[in-house]
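# sequence first, predicted model second:
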Amino acid sequence: MLAEDISPAEIRQKQSEKPGMRPRDLSDSLGISEAEYLCAWLDQGNRYITCRPEDIFPKLPEVGQLMALTRNACAVHEMIGVYQSFSPYRTTAECRGPGIRAHLTSKNWVYGFSVDKQRDDRRLCSFQFFDQSGEAVQKIHTRPTSDLKVWDRIAQELGREADPNEIRSQLRAHRVSKPIREMSVSGLETMFDGCKSKLEYRRVSNDVCEHMLTATAAAGFPLVCKINSSGCLQTHEGPVTKIMTMGPWVNVMDDSFHMHLRTDHLLGTYVIRRTNGAEIRTSLEAYDATGARAIYFSNQDDGTAETENAWQKIIADLPKPS
């Protein structure tokens with residue numbers, strides 16, 4: 001469904017009719033982008049802000065603990081930690097801190113919003129950033145221990161004047177003209193075959209991520225998990241412990257790391273071996289319906305043969321598609 005036009009009042013009314021529905025899901029049901037959805041609340045709890053990473057991330061250490069969220073069509077990656085360093089490069093940047101690691105592609109940060117909600121007796125605040133099409137590139141949420149006085153000061157400093165109608169018009173025009181891209185399994189594997197780097201792949205069942213995560217948690221060795229949007233690559237490095245499955249969703253629900261993967265929306269899942277000189281890296285990767293990588297897993301190299309052997313054993317036992 002593509003909505004040619006829907007007014008802010010209509011969007012707010014739809015949300016009031018379905019108060020428990022997440023903004024991303026409601027946006028999809030209305031045929032609009034999530035950025036268009038947030039425009040409906042500008043001056044009603046939402047504020048337009050700069051989306052320049054160099055204006056944002058150096059300020060965040062003062063706030064204390066935050067949650068960084070990056071998602072794509074099939075997967076969500078949430079890191080809970082403290083921003084400490086921001087390292088800009090030409091059109092990219094890197095953020096690091098305890099529990100935080102993200103690589104940013106700043107040219108794809110086009111729209112920014114400060115969102116302020118009240119749930120029961122608690123304020124829920126976030127900075128949310130979107131690409132040209134209105135798809136989220138990253139969201140930064142406050143935590144119970146965050147310093148909200150500092151957050152409010154930063155939100156004020158980041159605020160920018162904007163015409164909501166102009167933003168909505170730009171987003172709507174991009175949505176209507178955006179081509180729908182679909183990929184087949186054979187097309188995806190042809191793409192693999194065309195890679196310049198030496199690459200070997202084996203297709204496995206889309207359900208194997210739950211098995212891999214459970215086995216890795218039982219073995220106790222650290223894992224690398226990467227999820228990317230069009231403007232951010234978030235990386236978790238460390239053990240995973242609490243694995244939960246809810247319908248089609250496979251979840252990691254640890255204290256400082258949450259991951260959610262929707263397996264019924266995956267096009268294909270592969271064990272991939274990449275050779276770069278003397279280094280060989282074996283990963284488990286899942287791809288969405290457009291052929292974009294939804295999630296990447298590998299063992300965190302601790303320099304021991306024991307960890308590598310345990311990872312290779314888990315990977316070797318993953319079943320093929322039925």
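Noted; the coordinates are in hand.

# residue contacts, the residue nearest to V115 when sequence neighbours are not counted?
Leaving aside its sequence neighbours, V115 sits nearest to S126 (Cβ to Cβ, 6 or more residues apart in numbering; 4.8 Å). Just so you know, the C-beta spots here come from the backbone N, C-alpha and C atoms, and that holds for glycine as well. S126 makes contact with 114-115, 139-142 under the criterion Cβ atoms under 8 Å, 6 or more residues apart in numbering.

# restricted to strands, list those residues.
Among the contacts of S126, the members found in strands (DSSP state E) are 114-115, 139-142.

# show me what the lowest-mean-pLDDT helix or strand in the chain packs onto, helices and strands only.
Within the chain, no helix or strand scores below helix 164-177, which has a mean of 87 by mean pLDDT, DSSP states H and E. Applying 3 or more Cβ pairs under 8 Å, 6 or more residues apart in numbering; DSSP states H and E, one finds that helix 164-177 makes contact with helix 34-39.

# list the contacts of the helix it packs on.
8, 11, 23-24, 26-27, 30, 46, 111, 113, 115, 128, 130, 134-136, 164, 167-168, 171-172, 175.

# tally of neighbours for the spatially closest residue to P88 that is not a sequence neighbour?
Leaving aside its chain neighbours, P88 sits nearest to E54 (5.4 Å; criterion: Cβ to Cβ, 6+ apart). Using other Cβ atoms under 10 Å, E54 has 12 neighbouring residues.

# where does E54 sit, in terms of helix or strand?
Using DSSP states H and E, E54 maps to helix 53-56.

# what comes up buried for that helix?
53, 56 (16 or more other Cβ atoms under 10 Å).

# pull that helix out as PDB, backbone CA atoms only.
Taking Å, rounded to 0.1, in the frame of the first residue of the first chain, the C-alpha atoms of helix 53-56 are listed here in PDB:
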ATOM      1  CA  PRO A  53      26.800  13.300  13.600                       C
ATOM      2  CA  GLU A  54      29.700  15.800  14.400                       C
ATOM      3  CA  ASP A  55      27.100  18.100  16.100                       C
ATOM      4  CA  ILE A  56      25.500  15.200  18.100                       C
END
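
# what is that helix packed up against?
In terms of contacts (3+ Cβ pairs under 8 Å, 6+ apart), helix 53-56 is packed against strand 85-88.

# repeat that with 10 Å
When contacts are defined as 3 or more Cβ pairs under 10 Å, 6 or more residues apart in numbering; DSSP states H and E, helix 53-56 sits against strand 85-88, strand 92-97, strand 100-105, strand 111-119, strand 122-130, strand 136-142, helix 148-158.

# could you list the buried residues of stretch 305-317?
Buried residues in stretch 305-317 (16+ other Cβ under 10 Å): 307-308, 310-311, 314-315.

# may I have it as CSV, with CA atoms only?
What follows is stretch 305-317 as a C-alpha-only set of coordinates in CSV (Å, rounded to 0.1, in the frame of the first residue of the first chain):
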residue,chain,number,x,y,z
ALA,A,305,42.3,-22.6,18.6
GLU,A,306,39.7,-23.8,21.1
THR,A,307,37.3,-20.9,20.3
GLU,A,308,37.8,-21.3,16.5
ASN,A,309,37.2,-25.0,16.7
ALA,A,310,34.1,-24.6,18.7
TRP,A,311,32.7,-22.1,16.2
GLN,A,312,33.6,-24.3,13.2
LYS,A,313,31.8,-27.2,14.9
ILE,A,314,28.6,-25.2,15.5
ILE,A,315,28.7,-23.9,11.9
ALA,A,316,29.3,-27.3,10.4
ASP,A,317,26.2,-28.8,12.1
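
# check what contacts that stretch and list those residues.
Outside stretch 305-317, the residues that touch it by Cβ atoms under 10 Å, 6 or more residues apart in numbering are 202, 204, 208, 211-216, 218-223, 271-273, 280, 282-284, 297-302, 304.

# what's the average pLDDT for it?
Average pLDDT, stretch 305-317: 91.

# distance between it and the chain's centre?
Mean-position distance between stretch 305-317 and its chain equals 27 Å (Cα atoms, centre = their mean, to the nearest Å).

# before we move on, what about stretch 274-281?
27 Å.

# can you give me the buried ones in that stretch?
Using 16+ other Cβ under 10 Å as the test for burial, stretch 274-281 gives R274.

# same question, stretch 36-55
For stretch 36-55, a neighbour-count test (16+ other Cβ under 10 Å) marks 36-42, 46-51, 53 as buried.

# for the strand or helix carrying T245, packing partners?
If you go by DSSP H and E, T245 is part of strand 243-246. If you count contacts as 3+ Cβ pairs under 10 Å, 6+ apart, strand 243-246 packs onto helix 208-219, strand 249-253, strand 257-262.

# most packed of the ones you listed?
Ranked by mean neighbour count, these are led by strand 257-262 with a mean of 22 (mean count of other Cβ atoms under 10 Å).
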